[in-house]
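>>> turn this into a model:
(chains A and B)
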Amino acid sequence: MNYALERFTTEVREAIAATGQAEVGQIELTTPRPNIPADLAFPTFRLAKERGLVAPQLAADLAAAIRVGDNSLIGKVEAVGPFLNFSMHPERLAVAVVSEILATGTCYGTHRDGHAQRVVVDYSAPNIAKRMHVGHIRSTIIGQAIVNLYRALGYEVIGDNHLGDWGKQFGVVLASVEHEGKPEGVGEAALEALEAQYARFAAAAKDDLTLDELARQWSLRLEQGDPQARELWQWSVDLTMEAAQRNYDRLGVKIDHAYGESFYEPMLAGVIQEALACGVAYRDAGGAVVIENLQNLPTFLLQRSDSGTLYMTRDVATIVFRMREFSPQKIVYVVGEPQALHLRQLFALIRAMGYAAGVELTHIAFGTVFDAQGQPLSTRRGNMVYLEALLDDAVRRARAVVEHKSPDLPEAEKDAVAEAVGVGAVVYNDLYQDPKRNITLDWERMLATEGNSATYLQYSYARCRSLLRRAREDGGEGPSGELALLVHPSEVRLIKHLARLPEAVREAGARYAPFVVADWCYTTAREFGVFFEQCPVLKAETPLLRGARLSLVAATAQALHNGLSLLGIQAPERM
RNA sequence: GACCCCGUAGCUCAGUGGAUUAGAGCGUUUCCCUGCGGAGGAAAAGGCCGUGCGUUCGAAUCGCACCGGGGUCGCCA
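Numbering: from 1, shown residues only, chains lettered A, B, ... in the order given. This next block holds a predicted model:
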């Protein structure tokens, strides 16, 4: 796809090159700040320096020498000081942008950059036998947005849910089930009961050595593949995933695989052997397998002195497996910032072992969630917020607003809108800013219905759809092709912004930053708001203008919908 | 002690080498429903871009040092 904005950029580059005063490679273009009345600029500082010229003079000379074709998207060329400024041709831009959005539909904004390339995204990773909480929501939501973005960029994306389904704590889980039986209920309620059971057993085992021994036995039986232990373990996995799936469905999350840590158990001995054999690791006096002096990173372990394996061991095996199974060009980890060092060590080790050569290994480190008092959320502090409850609460609050704003909607639709608005607010709270920032769980901010909020974006979409619906109903001029009429300043601004979705998608992908798309959506809603205020659509001065404006509204709705889908946010037709 | 992330308006955040006036939202103070969804739009007030030194024709943006906040540092994940 060669979008209008890309064609414009190419035309500018070629026009400059055609003057014979600059090589194509020397032409670095920038997007001017909003207060500059231009759409693309060529700062001539560098070229002037190379040629021993004065920048403003060079810019003026270039401006005089540039020739623009009859059907060019370039409207105006102007030298302003040392800058050579290019503006788009408003009428031709309107025709190009609006028609390409309507023609490409849900594909508008996508690319083929990643053609024949594969990306593995590691995200969500809930712990088995526990409820998902706010700590998992960030990985899940940001991860899914990254998956969506890379699919939109044309990559083949493989999502993998690296379940926390292994480790010493399972001995306690299984022992507690033997002790108290399986908890009643389903979903998160059952998991909550299981967590309580776990806590009771763990507390009791502190004073009762026979209980402690029981847990140890179960842990051992599980590792040795004992059928009964395995069956109980599988039951806890199923129970957890069933609950997780409800949350995933609501969040629009779909993860291709869920191998989980347990899957790699058979590969671990081999990984340790290999690390020892190739000399990056050694076995110390205590029997632990140690890696030190690796790229100035702190020393770390690949195997415990009691011969047990570690998170690191399983993560190495995971990369080995992913390379063999998927041959990806990139592996992306959507994991919290506290694990940054662990992942640097992992990446360094895997490279030292000769794996993943030429493969991009990326850690998208997201910040920690704090409560309103600035405390980290934790079970022990008792301030933990669980995902299902969070979503339910958000939806409940949204339902009250819907009831107040749109009392005439059918009840079922009110429910659907509340679900979209409530869940959308939770999702947007994780996507509207740079993931690496720590965030405070602020209900007011999260469930805001004004300003830079999911609700505002959904509202803008609903207004677009409402206009189009009413246009069909009143029998007047429908969306039409007289797009060159769209030259009102607020129309031009909106169109220019709509033209930027494709590059926003690219930038968001390159930076692993969904907020770039969120920002684009927000600005779209703002520009549409201004247009809506200043330009009557249904009662436009002429039928032709009405048709053109309806086309612009349709294009805005389509582009906004595409942007929101990338973020995983639903857009109701009315609300 | 070492390393990583952050520090921009009262609050939450964009902007990370270039253009008279560093942008949004929330909050505050005003306006705009005889025109389509007011979950909207307009305007005002509010900033030594943590501090200092440096690099550069040019620094919120790059480098160094410091200060403040968050985090991590062999047998958890």
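>>> apart from its neighbours in sequence, what residue is nearest A:Glu507?
Closest residue to A:Glu507 apart from its sequence neighbours, by Cβ to Cβ, 6 or more residues apart in numbering: A:Val516 at 5.0 Å. The C-beta positions use only the backbone N, C-alpha and C, and glycine is treated the same way.
>>> I'd guessed the one you found sits against A:Ala504; true?
Yes. Counting by Cβ atoms under 8 Å, A:Ala504 is a contact partner of A:Val516 at 5.5 Å.
>>> in the lowest-mean-pLDDT helix or strand in chain A, what counts as buried?
Within chain A, no helix or strand scores below helix A:45-51, which has a mean of 84 by mean pLDDT, DSSP states H and E. Neighbour-count burial for helix A:45-51, with 16 or more other Cβ atoms under 10 Å as criterion, is recorded at A:47-48.
>>> what packs against whichever helix or strand comes after it?
Heading C-terminal from helix A:45-51, the first helix or strand you meet, by DSSP states H and E, is helix A:55-65. On a contact count with 3 or more Cβ pairs under 8 Å, 6 or more residues apart in numbering; DSSP states H and E, helix A:55-65 meets strand A:40-43, helix A:45-51, strand A:74-80, strand A:83-88.
>>> does A:Leu5 really touch A:Ala499, like I thought?
Yes. Contact criterion Cβ under 8 Å: A:Leu5 and A:Ala499 qualify, at 4.5 Å.
>>> and for those two, which residues touch both?
Contact criterion Cβ atoms under 8 Å, 6 or more residues apart in numbering; residues shared by A:Leu5 and A:Ala499: A:Val97.
>>> what does the stretch 451-575 of chain A put close to RNA strand B?
With Cβ under 7 Å from any atom of the strand as the criterion, the stretch 451-575 of chain A meets RNA strand B at residues A:451-453, A:455-456, A:459, A:462-463, A:465-467, A:470, A:515-516, A:519, A:522, A:525-526, A:529-530, A:532-533, A:535-539, A:573-575.
>>> wait, what's in contact with A:Lys330?
A:Lys330 neighbours (Cβ under 8 Å, 6+ apart): A:117-120, A:155, A:359-362.
>>> among those residues, which lie within strands?
Secondary structure from DSSP state E places A:118-120, A:360-362 of these in strands.
>>> and the residue of chain A nearest RNA strand B?
Relative to RNA strand B, the nearest point of chain A is A:Gly451 (2.1 Å; Cβ to the nearest atom of the strand).
>>> okay, now that residue: neighbour count?
Neighbours of A:Gly451 under the rule other Cβ atoms under 10 Å: 10.
>>> go on, A:Glu503?
A:Glu503 has 18 neighbours, counted by other Cβ under 10 Å.
>>> same check on A:Val492?
A count of neighbours around A:Val492, defined by other Cβ under 10 Å, yields 18.
>>> isn't it right next to A:Pro90, touching?
Yes. Using Cβ under 8 Å as the test, A:Val492 is close enough to A:Pro90 to be in contact (5.1 Å).
>>> wait, A:Met575 touches A:Ser406, no?
Yes. Contact criterion Cβ under 8 Å: A:Met575 and A:Ser406 qualify, at 6.5 Å.
>>> quick one: which of the two has more around it?
Using other Cβ under 10 Å as the criterion, A:Met575 and A:Ser406 rank with A:Met575 on top: 25 against 14.
>>> what's that one in contact with, if anything?
A:Met575 touches A:402, A:405-406, A:417, A:420-421, A:458-459, A:462, counting by Cβ under 8 Å, 6+ apart.
>>> ok so, going back, quickly name whichever of the ones in strands among the contacts of A:Lys330 is closest to A:Leu566.
A:Val119 (15.2 Å; Cβ to Cβ).
>>> ok, the closest one - contacts?
Going by Cβ under 8 Å, 6+ apart, the list of residues near A:Val119 reads A:150, A:155-158, A:328-332.
>>> let's see it at 6 Å
Taking Cβ atoms under 6 Å, 6 or more residues apart in numbering, we find A:Val119 in contact with A:150, A:155, A:157, A:328, A:330.
>>> repeat that for A:Phe366.
Going by Cβ under 6 Å, 6+ apart, A:Phe366 touches A:138, A:142, A:336, A:435.
>>> what pairs with it across the strands?
As for beta bridges, A:Phe366 partners with A:Gly336 under DSSP bridges.
>>> if I look at it, how far off is A:Glu192?
Separation of A:Phe366 from A:Glu192 (Cβ to Cβ, to the nearest Å): 25 Å.
>>> and for A:Lys539?
Using Cβ to Cβ, A:Lys539 is found at 56 Å from A:Glu192.
>>> higher neighbour count, these two?
Between A:Lys539 and A:Glu192, counting by other Cβ under 10 Å, A:Glu192 is the more crowded of the two (18 against 8).
>>> up against RNA strand B, what does the stretch 1-150 of chain A have?
Within the stretch 1-150 of chain A, the positions near RNA strand B by Cβ under 7 Å from any atom of the strand are A:30, A:32-36, A:38, A:41, A:43, A:45-46, A:49, A:80-81, A:83, A:85, A:127.
>>> narrow these to those that are buried.
Looks like those have A:32, A:38, A:41, A:43, A:80, A:83, A:85, A:127 buried, using 16+ other Cβ under 10 Å.
>>> pLDDT for these - can I get that in CSV?
CSV is the format used below for these (pLDDT from 0 to 100):
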residue, pLDDT
A:Pro32, 90
A:Ala38, 92
A:Ala41, 93
A:Pro43, 92
A:Val80, 90
A:Phe83, 92
A:Asn85, 94
A:Asn127, 94
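>>> possible to save the residues you listed as TSV with distance to A:Asp238?
TSV is the format used below for those (distance: Cβ to Cβ, whole Å):
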residue	distance to A:Asp238
A:Pro32	56
A:Ala38	59
A:Ala41	58
A:Pro43	60
A:Val80	66
A:Phe83	63
A:Asn85	62
A:Asn127	15
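>>> need the max-distance pair from the residues you listed.
Largest separation among those by Cβ to Cβ: A:Val80 and A:Asn127, giving 58.0 Å.
>>> let me see the ranges of the helices in the stretch 51-200 of chain A.
Assignment of helices within the stretch 51-200 of chain A using DSSP state H, counting those that start in this stretch yields the ranges A:55-65, A:90-104, A:134-152, A:169-180, A:187-207.
>>> what helices or strands is the longest one leaning on?
Looking back up the chat, that one is helix A:187-207. Contact here means 3 or more Cβ pairs under 6 Å, 6 or more residues apart in numbering; DSSP states H and E; on that basis helix A:187-207 packs against helix A:169-180, helix A:209-223, helix A:227-251.
>>> distance to RNA strand B, mean pLDDT and mean neighbour count added to those helices, as TSV?
As requested, the helices and strands packed on helix A:187-207 are arranged in TSV below (distance: least, Cβ to the nearest atom of the strand, whole Å; pLDDT from 0 to 100; neighbours: other Cβ atoms under 10 Å):
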stretch	distance to RNA strand B	mean pLDDT	mean neighbour count
helix A:169-180	7	91	22
helix A:209-223	11	88	17
helix A:227-251	14	95	17
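>>> and the contacts of A:Val119, which are buried?
Buried among the contacts of A:Val119 by 16+ other Cβ under 10 Å: A:150, A:155, A:157, A:328, A:330.
>>> pull the most distant pair out of those.
Taking Cβ to Cβ as the measure, the buried ones among the contacts of A:Val119 span a maximum distance of 10.9 Å, between A:Tyr150 and A:Pro328.
>>> what pLDDT does the residue of chain A closest to RNA strand B get?
The model reports A:Gly451 with a pLDDT of 94.
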